[in-house]
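Engineer: Sequence first, predicted coordinates after that:
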There are 2 protein chains.
Amino acid sequence: MHDAVHAGPIAHTPEPPYYAVVFTSLRTDGDAEGYGAAAAEMERLSALQPGYLGIESARGAEGAGITVSYWASLEAIQHWKQVAEHRIVQRMGREKWYRRYRVRVSRVERDYGWERPRDP
Amino acid sequence: MHDAVHAGPIAHTPEPPYYAVVFTSLRTDGDAEGYGAAAAEMERLSALQPGYLGIESARGAEGAGITVSYWASLEAIQHWKQVAEHRIVQRMGREKWYRRYRVRVSRVERDYGWERPRDP
C-alpha cells in the first residue's frame, strides 16, 4: 500500500464505488517546516490504515491547497479521523497551520482518465 | 454565481447532497500562457452553467494539479461536459497541456469546516 503514495500524483484507485475525502485549506504563513513534516507523516500513516486506497495533493504558491484521500468505506474514513496521531495533528492544524479549511466526504460514482501515448 | 469564483480558494457550497468532479492532472512543460488563459476562461464559463455551485483549484510547482468543481446534479455535470467551448478545450488539453489526468464524479454526502477566529 505504501507504493500508492510514491507512485506519482494520480492515485491508482479501484473500480467505483469508493469514497473520496476532499480537504481544501488555506495556510497561515508560519511553520512551513513543521507543517511539511506533519503532512508527510500523515500521508505515511494514512496509507497504513484499513480501507486506504490512495491520496492526491496539490498546493499552489498562494497558500491554497487541496488534498483528496480515497477510501473503501465510510467506516474507514471515520476510523482514520479518530486515529490518535491524526487527532493531534488536526488540533495542531487549527492552532498553527490553517487559516481555514473545508472537508467534504463524497462517494465516487464513476471515474475515467487519459494518458498521453508514449512516443514510438 | 460569479462571486463564488472570486470569493477565495474555498467554495461556498450549499448543504449536501450535491456533486463534486475531482479533476487530477499532470501538466506537460509547454504552453503555460495558453494553458493559463484557457483555464481562466473555463472557470468563467463553468460559473455561467446551470447547476454550477463553485470551484476550487491548486497546482503545485511539480506540475500536479487538482481542480474540484461542485454541481447541483449529475445532469448539470453532463451538460457542462458537452458545452462546445469546453469540448474544444478538452481536446486541446490532450493535444498540448496534459501528460495524464483522471476525472472522478462523486456525490458529496456531508461536509464541515473550520475558520480561524479573528483577533479581537
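Structural biologist: Yep, it's here. Numbering: from 1, shown residues only, chains lettered A, B, ... in the order given.

Engineer: rest of the way, CA atoms for contacts and neighbours
Structural biologist: OK.

Engineer: Excluding residues flanking it in the chain, which one is nearest A:Gln49?
Structural biologist: A:Trp80 (6.8 Å; Cα to Cα, 6 or more residues apart in numbering or on different chains).

Engineer: just the helices in chain A please.
Structural biologist: Assigned by DSSP state H, the helices in chain A fall at A:2-6, A:32-46, A:74-82, A:84-92.

Engineer: For chain A, which residues are neighbours of chain B?
Structural biologist: By Cα under 8 Å from any Cα of the partner chain, the part of chain A that sits against chain B consists of A:9-10, A:20, A:24-26, A:56-61, A:64-66, A:94, A:98-116.

Engineer: List buried residues within these.
Structural biologist: A:9-10, A:20, A:24-26, A:56-59, A:64-66, A:98-108, A:111 (16 or more other Cα atoms under 10 Å in any protein chain shown).

Engineer: Any stretches of chain A with poor pLDDT?
Structural biologist: Counting by pLDDT under 70, the ranges of chain A that qualify are A:1-7, A:119-120.

Engineer: longest strand anywhere in it?
Structural biologist: strand A:98-115 (DSSP state E).

Engineer: Show residues contacting it.
Structural biologist: Contacts to strand A:98-115, defined as Cα atoms under 8 Å, 6 or more residues apart in numbering or on different chains, come from residues A:15-28, B:10, B:20, B:99-116.

Engineer: mind redoing it with 7 Å?
Structural biologist: For strand A:98-115, contacts defined as Cα atoms under 7 Å, 6 or more residues apart in numbering or on different chains pick out A:16-28, B:99-116.

Engineer: cool, stretch A:10-23 as well?
Structural biologist: By Cα under 7 Å, 6+ apart, the surrounding residues in contact with stretch A:10-23 are A:4, A:53-56, A:66-73, A:102-110, B:24.

Engineer: For the longest strand of chain A, C-alpha coordinates in PDB please.
Structural biologist: Listed next in PDB are the C-alpha coordinates belonging to strand A:98-115 (Å, rounded to 0.1, in the frame of the first residue of the first chain):
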ATOM      1  CA  TYR A  98      -4.500  26.800   8.700                       C
ATOM      2  CA  ARG A  99      -6.500  29.900   8.300                       C
ATOM      3  CA  ARG A 100      -9.500  27.900   7.300                       C
ATOM      4  CA  TYR A 101     -10.400  24.600   5.800                       C
ATOM      5  CA  ARG A 102     -13.400  22.600   4.500                       C
ATOM      6  CA  VAL A 103     -13.800  18.800   4.400                       C
ATOM      7  CA  ARG A 104     -16.200  17.100   2.000                       C
ATOM      8  CA  VAL A 105     -16.900  13.400   2.300                       C
ATOM      9  CA  SER A 106     -18.200  12.000  -1.000                       C
ATOM     10  CA  ARG A 107     -19.000   8.800  -2.800                       C
ATOM     11  CA  VAL A 108     -17.300   8.300  -6.200                       C
ATOM     12  CA  GLU A 109     -19.900   7.100  -8.600                       C
ATOM     13  CA  ARG A 110     -17.800   6.900 -11.800                       C
ATOM     14  CA  ASP A 111     -14.300   7.800 -13.000                       C
ATOM     15  CA  TYR A 112     -12.300   7.800 -16.200                       C
ATOM     16  CA  GLY A 113      -8.900   9.000 -17.300                       C
ATOM     17  CA  TRP A 114      -6.500   9.600 -20.100                       C
ATOM     18  CA  GLU A 115      -2.800   9.200 -20.600                       C
END
